[in-house]
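Asks: Predicted structure and sequence below. I'll ask about it afterward.
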Amino acid sequence: MNGTRFSETQRPRSTEDTPAMPNQLSQHRNTPPSHGAGSAAALAAGFSVARFAHGAGSDTVKIALIGCGNRGTGACRESLLAADSVKLIAVADLFADRAKASLANLTKYDELRPKIDVPDQRQFFGFDAYRNVLQTEVDLVLLATPPHFRPDQYTAAVTAGKHVFMEKPCCIDAPGYRALLAANEEARRRKLSVVVGLQRRHQSNYLEGIQRIRDGEIGEVLFLRTYFNVMGGGRAGQTKPDGMSEMEYQLRYWGMFAWLCGDHIVEQSTHEIDVANWVMDDHPVRAQGMGGRQVRFGPGNGTFWDHHAVEFEYPGGVRLFAQARQQAATWVQVSDNIHGTKESVTLGSGPWGFGKLTPRDLRRRRDCRPVGRADRPVAVRQRHRAHRADDRLRLGAGEPQDHAPRRSAATPRATLSPPAGAAARLSRRRRRGRSAAAPAHARDPGTAAPRSPPRRGSPRSRPGRPSGRPGGRSRAPRR
């Protein structure tokens, strides 16, 4: 197919497997597979209940979770809290243990238990599990699988006429982005609601900051600085358990493998790139950058890089300087900084845009119950992923929500960064971009996994020397 080889996990389905959609989307079924760009509960009660009542004879919004990891489970929990008339009726995951663990987590909450109706016959497992979900009477699907699979699943959901919340990032490469655009057109034609998990678009500190910029308070934007620099975290060091295949290992620990997650500048820093696009109300036209693996070597470190630095150029010459790093014992900074001719402003900081507050802190403050705006502390009104009762109910008041076209565009911008040092025009990259394929050693158990090249001073380049810290540099013991 166009000379591109695909693994079983990414080979496109035949047109007989899924009814083709008209126009662009039906044509896409004969192109390489898609992996499109990057809030759940913000959508769940956001639908007009009357619209569903006419279509399904009920005022209950039936939702399904596809991808039952931590983020998917959290999105589902917040969706169920959105309103009284929401019910979870199906789940799907590659692995049965993940799906059952997710259900066990959700049913431990007294507030959620009456809203969960997922018998064994509506629990689906395997690569085609999402197709089984789409055959149920679900109204809204939550797509929280590894982003490698997102475009195909989004396309299938739109084909089936389902409303969609999809986690960011929605794609990891240019073919996926093109598939996303085609699916967006069909979703718009069918008047489906689509929301992407870029929560900063709903947080009051960002909304207020953007309005200040629009009102001219900081003058003309000169340049932007964004950071997603964090410690190494729990994504490294997960070695493959004995008896587990390489493919299962990579799928279970997908956040360490670029072909599944797009690397952390795509999977995490897409938030910051999206904020920059929001500020500029435009998209970059050029990008050049650098990055690599400085400290991540050896088993359990996957294939993704540990640092990136990219300069994006917007129309008119305004630059965004974006950093993304995951290294221990380094400067930790997550923030969005805008510099104007009059003053500079930091729209938000911290991984969730709330400084040191985490979603768990905010859930504690609201006692896991959606309450009115006037009764909530400011931090709760800004809480993670805009999962607010007032936001969700307001969404259903007008036209279907259509966040995917503009917000998913952050991901293909982030995917420019891996070709370090190369300036690439986005239009050319989207036309000629190749699909990210599973590595040979994941597809074929008989193929040995490639070893990372040794660093100078690493224990692999200097046999017999012990490693005293990440990267292999040894240090004399303290006396």
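Replies: Sure, I can see it.
Asks: State the phi and psi torsions of residue 68.
Replies: Torsion angles at residue 68 (phi, psi; degrees, to the nearest 10) stand at phi -110, psi 30.
Asks: ditto for the one 5 residues further on
Replies: The phi/psi pair for residue 73 (degrees, to the nearest 10) reads phi -60, psi -40.
Asks: How about the contacts made by it?
Replies: 65, 102, 105, 106 (CB atoms under 8 Å, 6 or more residues apart in numbering). For every residue, glycine as well, the C-beta is placed using N, CA and C.
Asks: Show me which of those is closest to residue 172.
Replies: The nearest member of the contacts of residue 73 to residue 172, counting by CB to CB, is residue 65 at 21.4 Å.
Asks: The contacts of residue 73 in helices, which ones?
Replies: 102, 105, 106 (DSSP state H).
Asks: Pipe those residues into CSV and attach distance to residue 250, pLDDT and neighbour count per row.
Replies: Listed next are the ones in helices among the contacts of residue 73 as CSV, based on distance: CB to CB, whole Å; pLDDT from 0 to 100; neighbours: other CB atoms under 10 Å:
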residue, distance to residue 250, pLDDT, neighbour count
102, 20, 98, 26
105, 24, 97, 16
106, 27, 97, 22
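Asks: just those residues now: which is nearest residue 77?
Replies: residue 106 (6.0 Å).
Asks: The residue lying closest to that closest one once chain neighbours are set aside and residue 337: what is the separation?
Replies: Excluding its sequence neighbours, the residue lying closest to residue 106 (CB to CB, 6 or more residues apart in numbering) is residue 112, at 5.4 Å. Counting by CB to CB, to the nearest Å, the separation of residue 112 from residue 337 is 38 Å.
Asks: what kind of secondary structure is residue 187 in?
Replies: Secondary structure, DSSP: H, G, I helix; E, B strand; the rest coil: residue 187 is helix.
Asks: Verify the stated contact: it with residue 159.
Replies: No: in this structure, residue 187 is not within contact of residue 159 by CB atoms under 8 Å, at 9.9 Å.
Asks: In terms of neighbours, single out the busier of the two.
Replies: Neighbours per residue (other CB atoms under 10 Å) separate residue 187 from residue 159, with residue 187 holding more: 27 against 20.
Asks: Quick check: the more buried one vs residue 264, distance?
Replies: Distance from residue 187 to residue 264, counting by CB to CB: 28 Å.
Asks: now residue 335
Replies: Distance, residue 335 to residue 264, by CB to CB: 16 Å.
Asks: So between the two, which is more surrounded?
Replies: Neighbours per residue, other CB under 10 Å: of residue 335 and residue 264, the larger number sits with residue 264, 25 against 18.
Asks: domain parsing for this structure?
Replies: 23-199, 201-393+410-432, 449-479 (automatic domain parsing).
Asks: Give me whichever of the ones you listed is most buried.
Replies: domain 23-199 (a mean of 22; mean count of other CB atoms under 10 Å).
Asks: What's opposite residue 90 in the beta bridge?
Replies: Going by DSSP bridges, residue 90 is paired in beta bridges with residue 64.
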